[in-house]
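> Output the structure for:
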Amino acid sequence: MIAISTTEFRRNLRKYLNTANKERVIIQCGKNETYEIIPARKMSDNVVEHLQHSLQQVEEGKTTVLKKSDIKNFLGLE
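This is a model prediction of the structure:
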């Protein structure tokens, strides 16, 4: 993993995009914000894996049904 500032990222954009293919690249923006560069193909792979795992859980009956009020409460809308 490599952590860099936004200034460093701007100066060497291509370098860090290429690096992101091999390792995690974290961009620190100020004191409280961080971002990670993820190649689109890796995102797609992660989404597919997550969906397959979720479908397996549904088939195994490992799900919970939430009521509308539960969701609103979780989101702080009630």
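
> Report pLDDT for Thr64.
Here, the pLDDT recorded for Thr64 equals 84.

> Quick check: it is in a helix.
No. Counting by DSSP: H, G, I helix; E, B strand; the rest coil, Thr64 is located in no helix; its state is coil.

> Could you check how many residues crowd around it?
If you count neighbours by other CB atoms under 10 Å, Thr64 ends up with 5. For the C-beta atoms, the positions are set from N, CA and C on the backbone; glycine is no exception.

> and what of the one 10 residues further on?
Per other CB under 10 Å, the neighbour tally for Phe74 reads 10.

> out of everything not next to it in sequence, what's closest to it?
Leaving aside its chain neighbours, Phe74 sits nearest to Leu66 (8.0 Å; criterion: CB to CB, 6 or more residues apart in numbering).

> What's the local residue count around the one you found?
Neighbour count of Leu66, defined by other CB under 10 Å: 11.

> Begin at 27 from now on, thanks
Will do, 27 is the new start, and the previous item becomes Leu92.

> mind checking how far it is from Leu101?
Leu92 is 11 Å from Leu101, where distance means CB to CB, to the nearest Å.

> Check Asn58 too.
Per CB to CB, Asn58 is found 23 Å from Leu101.

> Now Ser47: phi and psi?
Heads up, residue 47 is Asn, not Ser. phi -70, psi -20 (degrees, to the nearest 10).

> Put the alpha carbons of stretch 48-64 into PDB.
The C-alpha trace of stretch 48-64 is given here as PDB (Å, rounded to 0.1, in the frame of the first residue of the first chain):
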ATOM      1  CA  LYS A  48      -0.300  -3.600  -8.600                       C
ATOM      2  CA  GLU A  49      -1.000  -2.300  -5.100                       C
ATOM      3  CA  ARG A  50      -3.400  -0.100  -3.100                       C
ATOM      4  CA  VAL A  51      -3.000   3.600  -3.600                       C
ATOM      5  CA  ILE A  52      -4.500   5.800  -0.900                       C
ATOM      6  CA  ILE A  53      -4.800   9.600  -1.400                       C
ATOM      7  CA  GLN A  54      -4.900  11.700   1.700                       C
ATOM      8  CA  CYS A  55      -7.000  14.800   1.200                       C
ATOM      9  CA  GLY A  56      -6.700  17.100   4.200                       C
ATOM     10  CA  LYS A  57      -6.700  15.500   7.700                       C
ATOM     11  CA  ASN A  58     -10.000  13.700   7.500                       C
ATOM     12  CA  GLU A  59     -10.600  12.500   4.000                       C
ATOM     13  CA  THR A  60      -9.000   9.600   2.200                       C
ATOM     14  CA  TYR A  61      -9.700   8.000  -1.100                       C
ATOM     15  CA  GLU A  62      -8.500   4.800  -2.800                       C
ATOM     16  CA  ILE A  63      -7.800   4.300  -6.500                       C
ATOM     17  CA  ILE A  64      -9.300   1.100  -7.700                       C
END
